[in-house]
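sequence first, predicted model second:
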Amino acid sequence: MALPPALVQWFAAQGWQLHPHQQAMLARRAARSTLLIAPTGGGKTLAGFLPSLAELAAGHAGLHTLYISPLKALAANIRRNLRRPVEGAGLPIRIEDRTGDTSQTQRRRQRADPPHILLTTPESLALLLSYEDAPRIFNGLQRVVVDELHALAESKRGDQLMLALARLQTLAPGLRRVGLSATVEDPPALAAYLGAGTEIVLADTGPDPEIAMLDTAIPPPWAGGGGRHAIPEILNQITRHQTTLIFHNTRAQAEIFFHHLWLANTGDLPIGIHHGSLSREQRERVEAAMVSGALRAVVCTGSLDLGIDWGAVDLVIQVGAPKNIKRLVQRIGRANHRYNAPSKALLVPANRFEVVECQAALEAARDHALDGEPRGPGPRDVLCQHILATACAGPFDADALFAEVVTAGPYATLTRADFDDCLTFTATGGYALRAYDRWQRLMPKAGKWTLRDPRAAAVIRQNLGTIVDTETLKVRLGRFGTALGEVEEAFAASLTPGDTFLIGGQIVRYDGLHEMTVEVSRSPGRDPKVAVFSGTKFATSTVLADRILDIFAQGRWPDLPRHTAEWLAHQAEVSQLPQPGRLLVESFPQDGREHLCVYGFAGRNAQQTLGLLVTKRMEAAGLAPLGFVATDYATLIWGLEPVLDADPLLQLQGLRDGLEGWLSGNAVMKRTFRNVAIIAGLIERSHQGRRKSGRQATFSSDILYDTLARHDPEHLLLRLTRDEAMRGLIDFSRLEGMLARIEGRIDTRRLPRVTPLAAPLFLEPGKVPVEGKGREWLAEDAARALLRAAGLD
Amino acid sequence: MTYAFPLGHARLTALPSGALHWPDERLLCVSDLHFGKSERLARRGGALLPPYETRATLLRLEADLDATGARAVICLGDSFDDLAAAEGLDETDRLWLLRLMAGRDWVWIEGNHDAGPTDLGGSHLAELHRAGLAFRHVGGGAGPEVSGHYHPKARLAGKAHRAFLLDENRLVLPAYGTFTGGLWCDDPALQALMGPGALAIVTTPTRCLPIPMPRRP
């Protein structure tokens, strides 16, 4: 099918020409499933939409194309971008977006009278499919376009979306699907994820990016960081470019950096900040300013990782180690969002260790060495949610639903037994003690599964989605003032009136907590208490970790900045550098506690597991561990007693034996369980404003976990928690791989104080407490001190 | 490690489990058991929580009865999540509870969740006065008094724990039930209830640790 003449004319008037891959997508418009892989800026989204525009120009009643993106902002942006050619060419096409931000009125109207093209998110689609009128809304649907499939496929949101597509395919058998993806390491795997028989279209990858490390007059700090030392050079780069994106790995870092950047911004350059903790209004303001070209730079996090077309961005600065080469390459693609022009990027290591990691990442990107872990099968907590959502839409037949579910790529290998487990869980709770025969959630009725209590549908709908946030509270200026953003509840609980912290780039003073809102006032010119609301954490990939060890092994570092080369030399002098094929362990006292630092280079999750397993063995050995913190390269454990010989603590067999018994009782498992239980529908999400003021009604998911572990250890959700933790947060396989490679070659060094390489770990967030003797002694000490202070002892 | 203290003329002991022991009266008092909470949620079309909270609570109660040798038991209200939950008790759990009650002087104080008698035996009272102490579900009446209802909790060394609250005239018990949350003891309701110099007796898995009751600045 050719493009409508009006559109061809409009393109010509803009001086646009279709790229080869855009033509290829148009030519394949009849294919049932197509995956387009193109670098950022390749006009992917338009390529996905061209066949829809062509078909809609010929006339269509009702919903024709569904566009799914991982970001609400992306849906809104695509609507604006798509309207230009559609309105320019005078095509009779109605385009609307529907996300969590869309008003109730608008949503109701969209259900009654859907537009031709609906732009939405996986969560909003799941919600739409849970309504009784879903068959009517979707039965004329022709095409579905999934944007940023590479990003969606990395999380449960993608799995939920693939189940939704399977549902859509049943409702609209002629449906054709298109996936759009940035460069990935394994295109056939992503194609299978989108669906059996998916054809792959590969666009030209374009020229190699120009990447370098930013030289700074002040060397990066020994520890922690956030890139403050590089502010003069970064400001200089901003002035020399049209628009600069400055990526940070966490929201807290972005906030602190933005604050200091602003203080140093004597030239009054227009600079904005964008991250997921900011209020929607604030994010939208920044996005609009970016689109209009009013901003010279934006300090941001992963919230700007994905495809909004900023047009004029000509420099990307990555502050902090990129952790993963693939994501670095994708981020770099944000610069020069123009086809066939090289992107320009600068890496700013935030501390000295990251200098080495940035160097390793630079070399890997130049070598086109992409990294990535193969995906496991589709998670079953998502399937449980899907079954409940399906029941909300109306009675369903179990055989038919199973047949539909296995057409979703991630669930292609799902067995009927596993499906039935999930169905039983959603119907009866799936407990060994059959307690809910009278109060089943789903009941068989005339051969179909039906909600016993129709009121349950509202609760299930409110809990749809696979993103599980930590509980957050809104931050407002005064009781009725502007919303500045959100902070984690735990952070808010740690504040006392008068404390200051950073949010939205300004320092605010904490005044009090009023009905789930943190009330603050402006507090200029005071040093803020550090913002600890967190962002995402990724594990450094194996490819990158191996390259770092290779750099260490060089012994001389002419490619590294002098300060870092000297730092490594200093470490080699007072202790030694970690080596490939060996495991370095340092033991030293510091700040009145004993410390043990294990340099496993196994990535954050595996190092975390190592921390859990080793502290367990230390507890048994009477070494009174108190807690630990893990980074991508090391685990730092602190406690009351020194470790003089680490070998017995690190025997693979011992760790493996410990794993089984330990799995049931630790914090990582409990955190994983909470996520699984919320997604599977066992625990309701708490909604802002819907929460009761008295909190006796809610209790911790840890209690549910402990109760199940004790009374029903083989329960489905515990099995799912175990599976998920082993793959994700626990990552025991990577730990096993590391210990197998070193074959017992462990170098334990007892040292008088903290070493250069261990120092950064002291400032790491995410410390995990160890519940044991040591902590009970501390609680006693703390109680005694409080009594003494109150004159009661 | 328990914590012994006077209230009125009575000498009482707080146990790490959240139970109150009165050795001179050979009496054990527990509050807010909330038996049948998961059943009640399920009945109302909510999530199907693990149906083990009643036996988990009974397990701890039995251990406390064995350890203290108590002959009298006061359940200080909200023993059942609602009256239907008392009737819907699983048969095993019901027999277990009856076995614990057998041969003991057992008093059910009415709570806001379980106002009204159940068919489980024992005495059902709105409140009880014994050897100079008043036992009632919601505190704030004439003292010296032992009450429950609020599920107080407090933070110690960075962690939340269930806590007893104690001043010269009043003792508030933590919730004993397995599936129960808590109210921070700096909540206005508890601040208003407890007099100056009140203690929070924080329960850890093996200890009772008294601290000054946290107040808002």
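That came in fine, so what should we check first?

residue A:279 contacts residue A:483, correct?
Yes - using Cβ atoms under 8 Å, residue A:279 and residue A:483 qualify as a contacting pair, with a distance of 4.4 Å. No exception for glycine: its C-beta is placed from N, CA and C like everyone else's.

quick check: neighbours shared by those two?
The contact sets of residue A:279 and residue A:483 overlap at residue A:474 (Cβ atoms under 8 Å, 6 or more residues apart in numbering or on different chains).

residues near residue A:294, how many?
Applying other Cβ atoms under 10 Å in any protein chain shown, we find 12 residues neighbouring residue A:294.

I'd say it and residue A:270 touch.
Yes - counting by Cβ under 8 Å, residue A:270 is a contact partner of residue A:294 at 6.0 Å.

quick check: the residue sitting nearest the centre point of chain B vs chain A, distance?
Of all residues in chain B, the one closest to the mean position by Cα atoms, centre = their mean is residue B:31, 1.7 Å from it. With distances taken as Cβ to the nearest Cβ, to the nearest Å, residue B:31 is found 12 Å from chain A.

hmm, stretch B:63-80 touching chain A?
No - with Cβ under 8 Å from any Cβ of the partner chain as the criterion, chain A is not reached by stretch B:63-80; the gap is at least 9.5 Å.

any stretches of chain B with poor pLDDT?
B:157-159, B:216-217 (pLDDT under 70).

so where do the helices sit in it?
Assigned by DSSP state H, the helices in chain B fall at B:37-43, B:53-68, B:83-87, B:91-101, B:188-193.

reformat these as TSV; add mean neighbour count.
What follows is those, written out as TSV (neighbours: other Cβ atoms under 10 Å in any protein chain shown):
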stretch	mean neighbour count
helix B:37-43	23
helix B:53-68	19
helix B:83-87	17
helix B:91-101	15
helix B:188-193	15
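
out of those, flag the one nearest residue A:744.
The closest of the helices of chain B to residue A:744 is helix B:53-68. By Cβ to Cβ, the value is 43.2 Å.

how far out from the middle of the chain is the closest one?
12 Å (Cα atoms, centre = their mean, to the nearest Å).

quick one: list the elements packing against it.
For helix B:53-68, the packing partners by 3 or more Cβ pairs under 8 Å, 6 or more residues apart in numbering or on different chains; DSSP states H and E come out as helix A:701-711, strand B:27-30, helix B:91-101.

name the next helix or strand downstream of the first one, please.
It stands for helix A:701-711. helix A:716-727 (DSSP states H and E).

show residues contacting the helix or strand just after that following helix.
Later in the chain than helix A:716-727, the nearest helix or strand by DSSP H and E is helix A:732-742. Helix A:732-742 is contacted by residues A:542, A:581-583, A:600-603, A:605-606, A:609-610, A:650, A:652, A:655-656, A:659, A:726 when judged by Cβ under 8 Å, 6+ apart.

secondary structure class for the residue nearest to residue A:156 when sequence neighbours are not counted?
Leaving aside its sequence neighbours, residue A:156 sits nearest to residue A:466 (Cβ to Cβ, 6 or more residues apart in numbering or on different chains; 3.8 Å). Three-state call for residue A:466 (DSSP: H, G, I helix; E, B strand; the rest coil): coil.

let me see the contact set for residue A:466.
A:122-123, A:155-157, A:159-160, A:382, A:385, A:679.

cutoff 7 Å now
A:156-157, A:160, A:382, A:679 (Cβ atoms under 7 Å, 6 or more residues apart in numbering or on different chains).

then residue A:644?
Contacts of residue A:644 by Cβ under 7 Å, 6+ apart are A:587, A:750.

try 10 Å
A:587, A:748, A:750 (Cβ atoms under 10 Å, 6 or more residues apart in numbering or on different chains).

okay, the first one: pLDDT?
The reference is to residue A:587. Note on residue A:587: pLDDT of 95.

that one belongs to a strand, doesn't it?
Yes - using three-state DSSP, the assignment for residue A:587 is a strand.

that one contacts residue A:753, doesn't it?
No - in this structure residue A:587 lies outside contact range of residue A:753 using Cβ atoms under 10 Å: 11.2 Å.

shared neighbours, those two?
Once Cβ under 10 Å, 6+ apart is applied, the residues that residue A:587 and residue A:753 both contact turn out to be residue A:595.

looking at these two, which is more packed in?
Set side by side, residue A:587 and residue A:753 show more neighbours around residue A:587, with 19 against 12, by other Cβ under 10 Å.

for residue A:72, see how far away the nearest residue to residue A:280 once chain neighbours are set aside is.
In space, and not counting its chain neighbours, residue A:280 is closest to residue A:101: 6.1 Å by Cβ to Cβ, 6+ apart. Distance, residue A:101 to residue A:72, by Cβ to Cβ, to the nearest Å: 6 Å.

okay, the two: which has more neighbours?
residue A:72 (22 against 15).

give me the nearest residue to the more buried one, chain neighbours excluded.
residue A:99 (4.0 Å).

ok, the one you found - contacts?
A:69, A:71-76, A:107, A:119-121, A:123-124 are the contacts of residue A:99 under Cβ under 10 Å, 6+ apart.

residues touching residue 29, list them.
Just so you know, I chose chain A. Per Cβ under 10 Å, 6+ apart, neighbours of residue A:29: A:1, A:50-52, A:54-55, A:142-143, A:176, A:178.

wrong one, chain B
If you count contacts by Cβ under 10 Å, 6+ apart, then residue B:29 has B:12, B:19-22, B:70, B:72-76, B:107, B:109, B:128, B:130, B:133, B:135, B:146, B:148, B:171, B:173, B:176 around it.

same thing with residue A:181?
A:35-38, A:44, A:146-153, A:187, A:190-191, A:193-194, A:200, A:330.

output the helices and strands packed on helix B:53-68 in JSON lines; the columns should cover distance to residue A:288.
As requested, these are exported to JSON lines (distance: least, Cβ to Cβ, whole Å):
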{"stretch": "helix A:701-711", "distance to residue A:288": "39"}
{"stretch": "strand B:27-30", "distance to residue A:288": "59"}
{"stretch": "helix B:91-101", "distance to residue A:288": "60"}
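
what's the closest of those to residue B:195?
Across those, closest to residue B:195 is strand B:27-30 (Cβ to Cβ), at 20.9 Å.

give me the sheet partners of that closest one and which way each runs.
The strands beside strand B:27-30 in its sheet (DSSP bridges) come out as strand B:20-22 (antiparallel), strand B:72-75 (parallel).
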